Structures are given as structure tokens and as C-alpha cells.
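Q: A predicted structure for the sequence below; I have some questions about it.
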Amino acid sequence: MRANLAGEQVAKRPGGFPYANWGPGAAILGVFVALGVGVLLGAPALVLGGEHGRIEEFEPPRFERAPAFDDRDSTDVASGIRGVTYADHETEIAAFDDHDNQLSGSPFGSFGDSHGIAANPRSGRIYVSDHADSSVSVFEARPDGQPPALTATVQAGDLPAALAAEFDPERLAADSSPAGGGARGEVYVIDRGNDAVLRLSAAGSYRGRIDGSAVPGGDFEFDDSDEGNAIAVDPSRRRTGGDVYVLASHDGGDSGTVWAFAPSGSHLWELRAQEDQDFCGIAVDRAGGIWIADAGGGVTRYLPARRPHRPPAATATRLDTPSDSCPTAFGDEGDVYVAHAADGTLTTTANVFVQLATALGFLLVPMALAAMRGASGRREIFARLGLRRFRPSAAKWMAAAIGAYLLFAYLYSTLVVVPHQKDIAEGFGAVPIQVLLIVFAAPVSEEVCFRGMLFGGLRTKLPRLAAALLCGLIFGGLHALTGVSAVPPLIAFGFILALLYEKTGSVVPGILLHMLNNSVALLGQ
């Protein structure tokens, strides 16, 4: 056996388990150095690969995707006035024609922090809320590309005293339905400060409110994060025309609920998001179809129930949109516009680059550590890290590992909680790239790093079970950002793979099981 250059005692290994002449300290430090190297290699993508905001357009009747436009951070979107689409950019409003070209009189307005815009195609009025000065601005659209004219500003002093102190306007919806008088239609404003929906006249004067006392739970529970709340008015000629739909995301965006109200303010029905949904945006088409956006991605069409006071039912019509694409609006011709804010997510190319950089870090640092501690040549480096052939008898240990993990996963899901991890696959684009990164690159690099380097180093000083448990804890803990509820199963998975490595003397069985696990997860997503 080669002398230990670091002067550490090399523990004897059972069954040909590879020796690692680096101790627990170097092994644990190596994991974090590997993470740092991955971040360093991926830094260009992190700095330059941020996604731009955009508005996606879907054209009827099949709602095929048209080219996206407006690469700024749009917090809300409205459309329908002579083919013009309006994008709320927080401090100003940008206007685009029906060919998605920005109009010459755009942008217009001056706001401190706006997160709400609505347009009434019958009256030509545009309404914009502003958090900064607690106001709602009323504009009159003008032809020939001229910027809309400001005709009124609704402020706290224009409201009843009971509402003025806490007035905090956010999302808005204009009533352009025949039932609402068309051009004379009212505008509804989510007032987060008072946990109510205010009803204003077309010109901006206060007409009344819908508050939490009208809903079964007695509270709208509006989210305070500028996301997840939404409101829409049915513009159709159906019996539902003029109905108001209010979406609130349950104070934190955990799932979301939609409440429906008649124009009189009486409560009609309630629709709660399912376990795998996160309602965050809503719009209504001219046929009365209700389109609800999911923060996880996608916009689904719901149809009103035939029986009164029953919630709508989801249809098979669904738009494929990125995650956190919530604000939704309809144009003159039935086009659907969905705003996607620049929320810090990365482009597909940048996501792929970062994943590859992370995998390289997990491979290069263990190889460097083995070389620094006496391994000479690629073959010996690989052998020290467990990259070597394994005996056919390893099959029984692989079967035992699968059984143990499935048993733990079943008990955890049944007795504790069903684990949930963030879907990172969609960020990698095409399916072959997803398979390459998730099914091949991640298992190989993680097994070399966590089992080959980390567990190998821990076993120089620690007993088998203690080393395997610590290896699992570090492995699972570093995956916490993808979903806290999935950490315990990942700890168990890392623990089992470490024991499998010791029993077989190779990380290859662990790589194969890791590939199988990731393949199942990818298919599930």
C-alpha cells in the first residue's frame, strides 16, 4: 500500500473497499470546495444569463404561441382597446399595437410602485394603481398613437373615512359587460390594506365595496407580496356577465382561492386550488370562460357550471407558460396575453451551463484531492474514488438497497408527508438535455463526490454507520433548496448508497441506482 503522504492512519477496509488517505476534515471541506468551484465555473451564467421579462401571446382558436414581446419586467398586463396591449412596468406604462410594436406615445404615466392595470374597451378608459402614493389613476385612450390623457386620480381622501387610512390598491378589473352598462361599467380594485374589493365608477368615484364578511371564511386573506392576488370581471352576454372573480393567495401563496360575486356583491361560489396547484392569476374571455394561471406554470380554462352557486369545472384547454407567469388578459380578437416578470430565473442556456458547472465541480475537486494525497495517474485516482468494476454479487446488495429505500419512502409518505421537490427539469429545455443532466451527469458527479470522496474520507476515522449517516445528512441537507419536505428521504437515500458503496467496493452500483431514481423522478415531472 502506498504510504500516506499526509501522515494519517489508513483504516483497513473490508471486502476490497477502496482506501482514501484523506480524513473526515478534508472530505467535508472538499464537498464545500466542490460547491464553490461549481459556483465559480457557473458565475458567467449567473451574471449574464438572467431571464428578461416578457409578454407571451396565444392566438385563438387553438391558442398557438405567437412571438413574445416586451422584454422588460411587466407586473401586470391589460388589453382590448383598439388592439392595444398595455404592460405595467411599475413606474410607467408601455403600450403595444396589434403587431406587438411599441407605440410612439409610449411609455406614459409616472408611478412610484404600480402592480395593477385594467382597461375597458367599451369606454376607452385605462386604470392604473400605485402602491407608493395609494392612488388609482384614470386615463382616457386617444387615437393615432398619442399617449392616453390623465382624467382623474383617486386617492385615500376620496374614500370613506373608514377606508382612507389603510387604502392600498393593487390589482384592478374593469366591467365592460352589457350587464355593467359597457362604457359606463365600474372598476373593481383590490384594496390589500382594508382586505376588501372597492367598487368605483367609470370616472373613479367610490360606489361601495366587497369585503371578507361576504365569503364563507370571512376573510379574503390577500397576500402582501405583490403576487398571487388577482381580479377579473366577466365581460360576456351570458347570465354570468358582470360577475366579479376575486383570487387571493392565502397570505403567502400556498395554494389560492377564487371567489365569485354577483354585481350586487352577493357571494356565488368558491373554488380552491388543489394540492398540486398554486393559483396566481385570473382572466375571463368573452364567452364567459374563466382562465386561471398557476404559479408553477400553465394557464387553464374553466367553464361556469350550469347550476347556480356551483364552482366552475376545469377543461382540457391549457396554455403552457413559464412558472410565475400570473397576470393574464384578453385582447380584442380573443388573444391571450400572459406576463412573465424578470424574477431572477435563468434562461435555458444559463440553467444548463450552471448544472454542468456544478457537475464539473463535484468531479474535479475529488479527483484533485485524490491526486494531492498520493494517487498517481488517472486509473489510480478513479480507483481511490470508487470508480472501478464491481463483482456480480453486488446485485443482491443493489436489490437490498432498493428495497430499503422504497420501504422508507413509503413509510415517510404515509406517516409524515408526501415529499415534494422543485421541478428543475423544465429549466433545461429539450428532453434529451434533461436526461443528460438529470439522469447521467448528476448521478455520476454526486456519487463520486458524496460517496467516493466524502464517505471514503469519513470512513478513515468513523465507524461504518456513523460515516454513512453523516454522509446522508450532508447529501440531503445540500438539496434543501429544491424542497424541504424531500430532505429526509434524500438523507436516507444517501445513507443507503454509502452502505452500498462499502459492501460492493464500487460507486458504480450507487450510480446505477441514482440514475434509476432520477429517471423515475423525471418521468413523474
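A: Nice, thanks for sending it over. Numbering: from 1, shown residues only.

Q: apart from its chain neighbours, what residue comes closest to Ile491?
A: Nearest residue to Ile491, sequence neighbours excluded (CB to CB, 6 or more residues apart in numbering): Gly476, at 3.4 Å. C-betas here are computed from N, CA, C, even on glycine.

Q: does the one you found touch Ser485 like I think?
A: No: with contacts counted by CB atoms under 8 Å, Gly476 stays clear of Ser485, the gap being 11.5 Å.

Q: Provide a list of residue ranges in the stretch 251-400 of the chain with pLDDT below threshold.
A: Scanning the stretch 251-400 of the chain for pLDDT under 70 picks out the ranges 251-254, 342-345.

Q: which parts of it are helices?
A: Applying DSSP state H, counting those that start in this stretch to the stretch 251-400 of the chain gives helices spanning 348-372, 378-384, 394-415.

Q: need the winner for burial among those.
A: helix 348-372 (a mean of 21; mean count of other CB atoms under 10 Å).

Q: hang on, the earlier thing: next, format the helices of the stretch 251-400 of the chain as a markdown table and append distance to Gly334.
A: Converted to a markdown table, these look like this (distance: least, CB to CB, whole Å):
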| stretch | distance to Gly334 |
| --- | --- |
| helix 348-372 | 29 |
| helix 378-384 | 60 |
| helix 394-415 | 43 |
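
Q: right, and those - which one's nearest Ile93?
A: Closest approach to Ile93 among the helices of the stretch 251-400 of the chain is made by helix 348-372 (29.5 Å; CB to CB).

Q: what residues does that closest one touch?
A: The contact list for helix 348-372 (CB atoms under 8 Å, 6 or more residues apart in numbering) reads 20, 22, 26, 30, 33-42, 44-46, 48-50, 346, 380-381, 384-385, 424, 427-429, 433, 437, 441-442, 444-446, 448-449, 452-453.

Q: same check on stretch 490-499?
A: Around stretch 490-499, the neighbours that count as contacts under CB under 8 Å, 6+ apart are 401, 404-405, 408-409, 412, 447, 450-451, 455, 464, 467-469, 471-477, 479, 510, 513-514, 517.

Q: where does pLDDT dip in the stretch 401-525 of the chain?
A: By pLDDT under 70, the low-scoring segments of the stretch 401-525 of the chain are 525.

Q: go on, the stretch 101-250 of the chain?
A: Across the stretch 101-250 of the chain (using pLDDT under 70), the flagged ranges come out as 145, 182-183, 223, 225-227, 250.

Q: so how far is Phe408 from Leu490?
A: Per CB to CB, to the nearest Å, Leu490 is found 11 Å from Phe408.

Q: try Arg373
A: For Arg373 relative to Phe408 (CB to CB), the value is 34 Å.

Q: what does Glu57 give?
A: The value you get for Glu57 to Phe408, if CB to CB is used, is 47 Å.

Q: about what we covered before: and the contacts of stretch 490-499, which of them are in helices?
A: Among these, the ones falling in helices (DSSP state H) are 401, 404-405, 408-409, 412, 464, 467-469, 471-477, 510, 513-514, 517.

Q: now list the buried members of these.
A: Buried members of the ones in helices among the contacts of stretch 490-499, scored by 16 or more other CB atoms under 10 Å, are 401, 404-405, 408-409, 412, 464, 467-469, 471-472, 474-476, 510, 513-514, 517.

Q: pretty sure Leu513 contacts Ala401?
A: Yes: between Leu513 and Ala401 there is a contact under CB under 8 Å: 6.0 Å.

Q: and for these two, which residues touch both?
A: Counting by CB under 8 Å, 6+ apart, the residues touching both Leu513 and Ala401 are Leu497, Leu500.

Q: got a list of what Ser264 touches?
A: Ser264 makes no contacts at all, as judged by CB under 8 Å, 6+ apart.

Q: for it, grab phi and psi.
A: With angles defined as degrees, to the nearest 10, Ser264 sits at phi -70, psi -10.

Q: so what's the residue count around the closest residue to Ala383 other than its chain neighbours?
A: Excluding its sequence neighbours, the residue lying closest to Ala383 (CB to CB, 6+ apart) is Pro18, at 6.0 Å. As a burial measure, Pro18 scores 21 neighbours (other CB atoms under 10 Å).

Q: now do Val215
A: Residues near Val215, counting by other CB under 10 Å, number 18.

Q: in contact with the closest residue to it other than its chain neighbours, which residues?
A: Distances taken as CB to CB, 6+ apart place Trp259 nearest to Val215, at 5.3 Å, with adjacent residues excluded. Residues near Trp259 by CB under 8 Å, 6+ apart: Val215, Phe220, Tyr245, Val246, Ala248, His267, Trp269, Glu270, Leu271.

Q: isn't Asp423 up against Pro322?
A: No: using CB under 8 Å, Asp423 is not in contact with Pro322; the gap is 11.6 Å.

Q: and the helices in the stretch 101-250 of the chain?
A: Along the stretch 101-250 of the chain, the segments classed as helices by DSSP H, counting those that start in this stretch run 161-164.

Q: thinking again about what came up before, next one: the residue nearest to Ala383 from Ala371, what distance?
A: Note on Pro18: its distance to Ala371, by CB to CB, is 15 Å.

Q: surely Val258 and Val246 touch.
A: Yes: counting by CB under 8 Å, Val258 touches Val246, with 7.0 Å between them.

Q: need the contacts of Trp259 in CSV (columns: distance to Phe96).
A: Shown next, in CSV, are these (distance: CB to CB, whole Å):
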residue, distance to Phe96
Val215, 36
Phe220, 32
Tyr245, 26
Val246, 28
Ala248, 29
His267, 37
Trp269, 35
Glu270, 35
Leu271, 32
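
Q: buried subset of those residues, written for PyMOL?
A: Buried subset of those, written as a PyMOL selection, criterion 16+ other CB under 10 Å:
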select buried, resi 215+220+245+246+248+269+271
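
Q: tell me the one of the contacts of Trp259 nearest Val233?
A: Closest approach to Val233 among the contacts of Trp259 (CB to CB): Tyr245, at 7.5 Å.

Q: need the contact list for the closest residue to the closest one other than its chain neighbours.
A: Once flanking residues are discounted, Tyr245 sits nearest to Ala232: 4.8 Å by CB to CB, 6+ apart. Ala232 makes contacts with Ala173, Val244, Tyr245, Ile282, Ala283, Val284, Ile290, as judged by CB under 8 Å, 6+ apart.

Q: kindly recompute the last result at 6 Å.
A: Shown in contact with Ala232 (CB atoms under 6 Å, 6 or more residues apart in numbering): Ala173, Tyr245, Ile282, Ala283, Val284.

Q: show me those residues that map onto strands.
A: Of the positions in the contacts of Ala232, Ala173, Tyr245, Ile282, Ala283, Val284 sit in strands, assigned by DSSP state E.

Q: most neighbours among those residues, please name it.
A: Counting neighbours by other CB under 10 Å, Ala173 comes out on top of the ones in strands among the contacts of Ala232 with 31 neighbours.

Q: give me the domain ranges for this protein.
A: Described in terms of automatic domain parsing, the domain architecture of the chain consists of the residue ranges 14-48+347-524, 54-340.

Q: ok now the last one, how far from the chain's centre?
A: Averaged C-alpha coordinates place domain 54-340 at 21 Å from its chain's average position (CA atoms, centre = their mean, to the nearest Å).

Q: first-to-last residue distance for it?
A: Using CA to CA, to the nearest Å, one end of domain 54-340 lies 5 Å from the other.

Q: repeat for stretch 138-151
A: 6 Å.

Q: all strands for the stretch 151-300 of the chain, in order.
A: Along the stretch 151-300 of the chain, the segments classed as strands by DSSP state E, counting those that start in this stretch run 169-174, 187-191, 196-200, 206-211, 230-233, 244-248, 257-261, 267-272, 279-284, 290-294, 299-303.

Q: elements contacting the third one?
A: Read that as strand 196-200. If you count contacts as 3 or more CB pairs under 6 Å, 6 or more residues apart in numbering; DSSP states H and E, strand 196-200 packs onto strand 187-191, strand 206-211.

Q: Asn21 against Arg373, yeah?
A: Yes: with contact defined as CB atoms under 6 Å, Asn21 counts as touching Arg373 (5.0 Å).
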